[in-house]
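Visitor: With the sequence up front, the predicted model follows.
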Amino acid sequence: MILDALGLSLTVALASTAIVSVLGTLAGWLLARARFRGRDTVDALLNLPLVLPPTVTGYYLIALLGRRGVLGGPLFVATGWSVPFTWVACVLAASVMAFPLMARSARVAFEGIDPRHEIAAASLGHGRLSYLLRVALPIARRGLASGIVLAFARAIGEFGATLMLAGNIPGRTQTLPLAIYDAVLAGADRAALALSALLTLVSVAVMLAAGSLGRKRP
Amino acid sequence: MSGIAVDVTVERRTGPGAPFRLEAAFETEGGITVVFGPSGAGKSTLLLAILGALRPERGRISVAGRVLFDSERGVDLPTRERGLGIVFQDALLFPHLDSRRNAAFGIRGGERRARADECLARVGAAALAERLPPELSGGERQRVALARALAASPAGLLLDEPFSALDAASREELGRLVSGLHRETGIPFVHVTHDLGEALRLGTGLVVMDGGRVVQTGAPSEVLSAPACKAAARAVGFENVFTGTVLRHAPEEGWSEVDLGGTRVETGLLRERPGEGVALGLRASDVILSIARVAGTSARNLIEGTVVGIEARGPVVEVAIATPVRFRAAVTLAAVRALRLEPGCRVWLLVKALAFHPLV
């Protein structure tokens, strides 16, 4: 049970961190640069999972992706498959919860870059994409790395939204935090302690690894 | 045509309130065009417009015969197609790349490394190839920035106050480097500065800006010796600017003698060696006029001349005197009346040696 939960937690956390790293970086990039009407509204919406209770976010995810959901309904009709109670649900819930942290870090990191770097890059014949890949991302790497760590921490610790969307099925959707909750409910104190220690260990290890990555020269 | 032709109107919003408005028109025949003026004159805005980082409301920009912007014909090349190099005041190297990679950033095709090293060597930064920007001094960073811009084989080079953060010695050294690079490449340079000495040392053409307008253009010595209007004089900081030749020094007494071109004056001790050129500034209000040949003053210069012009500017009157070199003196209306000054009058000018300010 412990190994199942650990494996699932790592898979879910890594998968959602990967998704969120890409999408959050893009969102941060756009928010840092774009000057469009309603930008603040978009920003607020993206940050909503930070301030809403996770169960509320989870409820919205069910309304969106459930068998009778806005997107989940047609998906179920078309494929006979639905998101809730699968490991995909765990990944989605963790991603939605972690996304604002990544987008915010990325935005701050990109906003900190002197815009004249882009002018210099353009004068040397480089377009926007080349500037993003060769200049902006490397300069922003520390901010992005800290965003990734935050996103991972949020993803591996996710509880409320995951419980709502994915349930708590041992061996299928039961991540470490849910297993800890189960162990405590069942009075299995030693298991709860072991699981908690494990989660702490993983989190600290990831943080240290990412910290040294952020400091290193590319 | 190998020069730069600019005729633009730019409106730039930098904050709340009325936008900054730049109206600039000038043409150069290659060479190093120095754009000179006080802070806020619109010099950097002009550079950004030439570079394509700011879009003018209307106008036309061409460099070396190629039209980069023309509002009437709908031409507006993006920065990366303009083929112009830029060097910023703070160098602004890509901080995560070593000097070699910075220099190679704009090079297309093969042998990038070899060509980057070649460019670094040309600016005297060969030894810095493996260093990151934070490990470089201000002057070294500017050298690498020059290498980076020139490595891309630009059609023109724009320099935005590239030396203003450096000490005087590095400024002169880099000034010589820029002149040398200009001779080697033969492309037009536009060099923005608010340092008059730099303008005189480097410029083959001078564009004086003030308050978002070009107030005067011409050869540097010509512009400086006769600021065409008050704004140009203000930009230069002195109503009188002379170019002359140092004749001799008296270090123990603290003075030098300079020939301004027919009129010899005594100045404070200058750095230039005898025979070298020097530019001197003199405020019109530092010139005392006398209708008699007075003696016994501390003013080291008593220069005889003839009033050739009197122009009232409010309560202040500017008197032009041919000595034969032309001086401008600013006096009050009361002084003009008391001395009965009018064109043709014979006068003596009293000027303290230390009122002449070396400009280079």
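Guide: Yep, that arrived.
Visitor: Do you have the helices of chain B handy? List them.
Guide: B:43-51, B:79-82, B:99-104, B:112-122, B:138-151, B:168-185, B:196-202, B:220-225, B:230-236, B:333-339 (DSSP state H).
Visitor: Which positions in the second one come out as buried?
Guide: By that I understand helix B:79-82. B:Thr79, B:Arg80, B:Arg82 (16 or more other CB atoms under 10 Å in any protein chain shown). Bear in mind the C-beta positions are built from the backbone N, C-alpha and C, glycine included.
Visitor: Now do the contacts for the residue nearest to the second one when sequence neighbours are not counted.
Guide: Distance criterion CB to CB, 6 or more residues apart in numbering or on different chains; nearest residue to B:Arg80, sequence neighbours excluded, is A:Ala122 at 4.4 Å. Residues in contact with A:Ala122 (CB atoms under 8 Å, 6 or more residues apart in numbering or on different chains) are A:Tyr131, B:Gly52, B:Ala53, B:Pro78, B:Thr79, B:Arg80.
Visitor: Columns pLDDT and distance to B:Val67 on top of the residues you listed, output as a markdown table?
Guide: Putting the contacts of A:Ala122 into a markdown table (pLDDT from 0 to 100; distance: CB to CB, whole Å) gives the following:
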| residue | pLDDT | distance to B:Val67 |
| --- | --- | --- |
| A:Tyr131 | 96 | 25 |
| B:Gly52 | 94 | 12 |
| B:Ala53 | 92 | 18 |
| B:Pro78 | 95 | 14 |
| B:Thr79 | 95 | 15 |
| B:Arg80 | 92 | 17 |
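Visitor: which pair in the residues you listed spans the largest distance?
Guide: Greatest spatial distance among the contacts of A:Ala122 (CB to CB): A:Tyr131 and B:Gly52, at 14.5 Å.
Visitor: Which of the helices and strands in the chain ranks last by mean pLDDT?
Guide: All of this is about chain A. Least confident helix or strand, chain A: helix A:189-215 with a mean of 84, by mean pLDDT, DSSP states H and E.
Visitor: you looked at the wrong chain, it should be chain B
Guide: The helix or strand of chain B with the poorest confidence is helix B:230-236; it has a mean of 65 (mean pLDDT, DSSP H and E).
Visitor: Would you confirm that A:Asp114 contacts B:Phe94?
Guide: No: A:Asp114 lies out of contact with B:Phe94 (CB atoms under 8 Å); the separation is 10.6 Å.
Visitor: higher neighbour count, these two?
Guide: Neighbour totals were compared for A:Asp114 and B:Phe94, and B:Phe94 leads with 20 against 13 (other CB atoms under 10 Å in any protein chain shown).
Visitor: which residues touch the more buried one?
Guide: Counting by CB under 8 Å, 6+ apart, the residues that B:Phe94 touches are A:His117, A:Ala120, A:Ala121, A:Arg134, A:Val135, A:Pro138, A:Ile139, B:Arg101, B:Asn102, B:Phe105, B:Pro133.
Visitor: Give me the pLDDT value at it.
Guide: pLDDT recorded at B:Phe94 is 96.
Visitor: ok, B:Gly237 touching B:Ala279?
Guide: No: between B:Gly237 and B:Ala279 there is no contact under CB under 8 Å: 11.8 Å.
Visitor: And the closest residue to chain B within chain A, how far from B:Gly59?
Guide: Residue nearest to chain B within chain A: A:Leu124 (3.0 Å; CB to the nearest CB). Distance, A:Leu124 to B:Gly59, using CB to CB, to the nearest Å: 25 Å.
Visitor: now swap in A:Ala197 and tell me
Guide: Distance of A:Ala197 to B:Gly59, given as CB to CB: 70 Å.
Visitor: More neighbours: which of the two?
Guide: Higher neighbour count among A:Ala197 and B:Gly59: B:Gly59, with 19 against 10, using other CB under 10 Å.
Visitor: Could you measure from the more buried one over to B:Gly42?
Guide: Using CB to CB, we find B:Gly59 at a distance of 14 Å from B:Gly42.
Visitor: residues shared between the contacts of the two?
Guide: Each of B:Val10 lies in contact with both B:Gly59 and B:Gly42 under the rule CB under 8 Å, 6+ apart.
Visitor: give the contact list for whichever residue of the stretch 51-200 of chain B sits closest to chain A.
Guide: Proximity to chain A, evaluated over the stretch 51-200 of chain B using CB to the nearest CB, is greatest for B:Gly106 at 3.0 Å. Contact analysis of B:Gly106 by CB under 8 Å, 6+ apart lists A:Ser123, A:Leu124, A:Gly125, A:His126, B:Gly85, B:Arg148, B:Ala149, B:Ala151, B:Ala152.
Visitor: Which of the contacts of A:Ala122 sits closest to B:Glu311?
Guide: Checking the contacts of A:Ala122 against B:Glu311 by CB to CB gives B:Ala53 as the nearest, at 41.7 Å.
Visitor: Show me what from chain B comes close to chain A.
Guide: Selection of chain B residues close to chain A by CB under 8 Å from any CB of the partner chain yields B:48, B:51-53, B:78-80, B:82, B:84-86, B:88, B:92, B:94-97, B:105-106, B:108, B:132, B:148-149, B:152, B:154.
Visitor: which residues does B:Val208 bridge with?
Guide: Judged by DSSP bridges, the bridge partners of B:Val208 are B:Phe36, B:Gln216.
Visitor: my guess is it meets B:Val223, correct?
Guide: Yes: between B:Val208 and B:Val223 there is a contact under CB under 8 Å: 6.1 Å.
Visitor: Could you pull up phi and psi at the residue lying closest to B:Thr267 once chain neighbours are set aside?
Guide: Once flanking residues are discounted, B:Thr267 sits nearest to B:Phe356: 4.1 Å by CB to CB, 6+ apart. Main-chain torsions, B:Phe356, degrees, to the nearest 10: phi -80, psi 120.
Visitor: Before I go, just wanted to say thanks for your time.
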